[in-house]
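**Student:** Make a model of this:
(chains A, B, C and D)
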There are 2 protein chains.
Amino acid sequence: MEFNDKQIQIIETAERLFAERGFDGTSVRDIADEAGINVAMISYYFGSKEKLMEALFELRVGSVKIRVESLLKDESLSPIEKVNMLIDEHIERVMQKQCFYKIMVGVLVTNKNPAILKAANQVKIRNAEVVSELIKDGQKKGVFKKKVDVILMLNTMVGTVSQSMMSQHYYREFNNQQDIPDEEFEVLLKRRLSIHIKTLFKAILTNEA
Amino acid sequence: MEFNDKQIQIIETAERLFAERGFDGTSVRDIADEAGINVAMISYYFGSKEKLMEALFELRVGSVKIRVESLLKDESLSPIEKVNMLIDEHIERVMQKQCFYKIMVGVLVTNKNPAILKAANQVKIRNAEVVSELIKDGQKKGVFKKKVDVILMLNTMVGTVSQSMMSQHYYREFNNQQDIPDEEFEVLLKRRLSIHIKTLFKAILTNEA
DNA sequence: AAAAAAATTAAACAAATGTTTGATTTTAAT
DNA sequence: ATTAAAATCAAACATTTGTTTAATTTTTTT
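**Tutor:** Okay, here's the model as predicted:
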């Protein structure tokens, strides 16, 4: 489905509020007020609050697939380079769309709407499959260990990034970095996360005495 | 505050429903019906739905402190042994109280009630301080690296366990282990998580060429 | 056994919820 | 300029929400 400007404006307002207050903690009137529109417009454009949520997932999940899959095809990159790019890709994606990933976490905990849960799991399964292929390739080339638990490895990547994203204010406070600008701190956090997770993955994937 | 049997029964029913449907997705009537009590009993015992949530946190957070702190004091254990015990302690705690930790995740995302947010952060800060001490001790003894990002390390532990707990059905499916009993799978998952995270921590903490 | 306290109940309360209606305005097509 | 379609609106709709009331039952104390 295609969304016009007004629909996207409503979706993005809802995205922010859902992330801040949760789906059930946000009323359609809250959304309407923040977006500067009439309440009836939500039903008019989306049918219901639930469908609005589905539209949000359609908008956000739709754009993910392409970049991840094009990664695998690139023959010029080594398996380890691909894994590292996957990590950076994930960090960038989550930090860029923080609100959406907060909502995603909420959805995975309280699995109510089957359509949304399906959309959320779709991303997860796709990722696992792509990475599994990547690992097998690396094992064939002899650069990766034979026994690798791909799911646990991905759980570490996803979990570490989510956790760091959700508690970034606390991380900033702990390191006394409230003085530096927001954008700068975000760049810093992303860089540290990148190095951190790459170190972890190296320990999981590569052979060493 | 002390809770009588009836209060604990209500709290534990609420805990299950809050985990399944979220705080705002659960009505006081839902709780009353599931607990087999009258709606008014919630206000009677706790004052409000919000206070019931606070009571839940009081009940659950209260019991955490002791075991973690007694770990540090034990002089017979090496820093690496203590770290490993901390990992197992955390895995056990989360898997034992899955509902509560699902709620915890929800609270950390949509930070509304300040009292609850404070209780949640209290655990986090306490943990970070204890672990920081532990790391410093290990560094003094020359068994740990000099540069360790404690927060990121803890984010990895907490994030990996949360992520694995929340998507355990998917993990089970992926590994074709639906046939083995629930309890057995949980033991298996905990053991794998333990090995996995200990490997990660070793890579972060110890020196190797 | 009488009195006091605690626990439990059905009913009522106002406020908030998602959604629909029907009229009105704005935009696009003829 | 006229008509048709799309967008917007205030108001109303029926439910559901958390909480309170006031009466009744159960338990404890005297």
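**Student:** Can you report how many residues neighbour residue A:186?
**Tutor:** Neighbourhood size, residue A:186 [other CB atoms under 10 Å in any protein chain shown]: 15. All C-beta atoms are positioned from the backbone trio N, CA, C, and that covers glycine.
**Student:** same check, this time on the one 10 residues further on
**Tutor:** By other CB under 10 Å, the residues close to residue A:196 number 21.
**Student:** cool, residue A:193 as well?
**Tutor:** 24.
**Student:** Please apply the same query to residue A:22.
**Tutor:** 22.
**Student:** same check, this time on residue A:106
**Tutor:** For residue A:106, using other CB under 10 Å, the count is 21.
**Student:** ok, now which ones touch it?
**Tutor:** Each residue near residue A:106 by CB atoms under 8 Å, 6 or more residues apart in numbering or on different chains is listed here: A:18, A:22-23, B:22, B:106, B:109-110.
**Student:** same deal with residue A:164?
**Tutor:** The contact partners of residue A:164, by CB under 8 Å, 6+ apart, come to A:171, A:189, A:193, B:152, B:155, B:159.
**Student:** likewise residue A:24?
**Tutor:** B:22-25.
**Student:** Closest to residue A:80 out of the residues you listed?
**Tutor:** residue B:22 (40.3 Å; CB to CB).
**Student:** Near the residue lying closest to the closest one once chain neighbours are set aside, how many residues? Count them for me, please.
**Tutor:** Closest residue to residue B:22 apart from its sequence neighbours, by CB to CB, 6 or more residues apart in numbering or on different chains: residue A:110 at 4.4 Å. Residue A:110: 24 surrounding residues under other CB under 10 Å.
**Student:** I figured residue A:110 hits residue B:23, correct?
**Tutor:** No - contact criterion CB atoms under 8 Å: residue A:110 and residue B:23 do not qualify, at 9.5 Å.
**Student:** Which pair in the contacts of residue A:106 has the greatest spatial separation?
**Tutor:** A:18 and B:106 (12.5 Å).
**Student:** so what pLDDT did the residue of chain A found nearest chain B get?
**Tutor:** Closest to chain B within chain A is residue A:159: 2.9 Å, counting by CB to the nearest CB. Per-residue pLDDT puts residue A:159 at 97.
**Student:** next one: the one 5 residues further on
**Tutor:** The model reports residue A:164 with a pLDDT of 97.
**Student:** Then residue A:125?
**Tutor:** 83.
**Student:** Whichever helix in chain A runs longest close to DNA strand C?
**Tutor:** In chain A, assigned by DSSP state H, the helix with the most residues is helix A:114-140. No - using CB under 7 Å from any atom of the strand, helix A:114-140 stays clear of DNA strand C, coming no nearer than 13.8 Å.
**Student:** Next, the buried residues of that helix.
**Tutor:** A:116, A:119-120, A:123-124, A:127-128, A:130-131, A:134-135, A:138-139 (16 or more other CB atoms under 10 Å in any protein chain shown).
**Student:** Excluding chain neighbours, give the residue nearest to the residue of chain A closest to chain B in space.
**Tutor:** Using CB to CB, 6+ apart, the closest residue to residue A:159 is residue B:159 (2.9 Å).
**Student:** ok, now residue A:54?
**Tutor:** Nearest non-adjacent residue to residue A:54 (CB to CB, 6+ apart): residue A:115, at 5.5 Å.
**Student:** So which other helices or strands are in contact with the helix or strand bottoming out on mean pLDDT in chain A?
**Tutor:** When each helix and strand of chain A is scored by mean pLDDT, DSSP states H and E, helix A:65-73 comes last, with a mean of 73. The helices and strands touching helix A:65-73, judged by 3 or more CB pairs under 8 Å, 6 or more residues apart in numbering or on different chains; DSSP states H and E, are helix A:79-96, helix A:114-140.
**Student:** Worst mean pLDDT among these?
**Tutor:** helix A:114-140 - the lowest mean pLDDT of the helices and strands packed on helix A:65-73, at a mean of 87.
**Student:** Please point out which parts of the helix or strand just after that helix sit buried.
**Tutor:** Next along the chain after helix A:114-140, taking DSSP states H and E as the criterion, comes helix A:150-166. Applying a neighbour-count criterion of 16+ other CB under 10 Å, one finds A:150-166 buried in helix A:150-166.
**Student:** Distance from the chain centre to helix A:150-166, please.
**Tutor:** Centroid separation between helix A:150-166 and its chain, computed with CA atoms, centre = their mean, to the nearest Å, is 10 Å.
**Student:** between that helix and helix A:79-96, how big is the angle?
**Tutor:** Here helix A:150-166 runs at an angle of 40 degrees relative to helix A:79-96 (axes from the mean of the first three to the mean of the last three CA atoms, to 10 degrees).
**Student:** how much space between the residue minimising distance to the centre of chain A and residue B:164?
**Tutor:** Centroid-nearest residue in chain A, with CA atoms, centre = their mean: residue A:94, separated by 4.0 Å. As judged by CB to CB, to the nearest Å, residue A:94 and residue B:164 stand 18 Å apart.
**Student:** do residue A:207 as well
**Tutor:** According to CB to CB, residue A:207 and residue B:164 sit 25 Å apart.
**Student:** what do you get for residue A:165?
**Tutor:** Between residue A:165 and residue B:164 the computed distance is 18 Å (CB to CB).
**Student:** Equivalent analysis for residue A:117, please.
**Tutor:** Applying CB to CB to residue A:117 and residue B:164 gives a distance of 18 Å.
**Student:** now swap in residue A:158 and tell me
**Tutor:** From residue A:158 across to residue B:164, the span is 10 Å (CB to CB).
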